[in-house]
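Engineer: Just to be clear, the model below is a prediction. Sequence and coordinates:
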Amino acid sequence: MRQIIALGGGFSMEPENTLLDTYILKQSRKDNPKICFIPPASGDSEDYIQRFYRFFQKQNCRPSHLSLFRPPKRDLESFILEKDIIYVGGGNTKNLLALWKDWGLAPF
């Protein structure tokens, strides 16, 4: 079953309250889910990316991130589809959608 969990805040807004992030991990129903952070709405903020890794590297999961400003050399669709959880960061939604469209990831 696929699902979308939309929320405001999360690991970057409330680092002392990890309930939302723990909930998201549990929704995958996997023992060691692959979670990928997509941060281009924040301009691939290095601080934002590091906060993601600081939390999720301590959890029972396999964290990664996808930069659309510096994308991996391989096929992006395959990269995304092998993940159990896609964690999209907040920021400038217009920039995010423009980059997604440019890289063929936009659902429109």
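Structural biologist: Perfect, thanks for sending it. Computed from a predicted model, the values in this text were never measured in an experiment.
Engineer: All the helices of the protein, residue numbers only.
Structural biologist: 19-27, 46-56, 76-81, 93-102 (DSSP state H).
Engineer: so how far is the lowest-mean-pLDDT helix or strand in the chain off the chain centroid?
Structural biologist: Here the helix or strand of the chain ranked lowest by mean pLDDT, DSSP states H and E is helix 93-102, holding a mean of 77. Relative to its chain's centre, helix 93-102 lies at 15 Å (CA atoms, centre = their mean, to the nearest Å).
Engineer: again with stretch 46-59
Structural biologist: On the basis of CA atoms, centre = their mean, stretch 46-59 sits 11 Å off its chain's mean C-alpha point.
Engineer: Buried residues of that stretch, list them for me.
Structural biologist: If you call a residue buried by 16 or more other CB atoms under 10 Å, then stretch 46-59 has these buried ones: 48, 49, 51, 52, 55, 56. Every C-beta, even on glycine, is put in place using the N, C-alpha and C of the backbone.
Engineer: Going by distance to residue 87, which of those residues wins?
Structural biologist: Nearest to residue 87 among the buried residues of stretch 46-59: residue 52, at 7.2 Å, using CB to CB.
Engineer: Quick check, the closest one in contact with residue 85.
Structural biologist: No - using CB atoms under 8 Å, residue 52 makes no contact with residue 85, being 11.7 Å away.
Engineer: separation between residue 85 and residue 28?
Structural biologist: 5 Å (CB to CB, to the nearest Å).
Engineer: Overlap of the contact sets of those two?
Structural biologist: residue 35 (CB atoms under 8 Å, 6 or more residues apart in numbering).
Engineer: who has more neighbours, the two?
Structural biologist: Shown here are residue 85 and residue 28; by other CB atoms under 10 Å, residue 85 has more neighbours (19 against 16).
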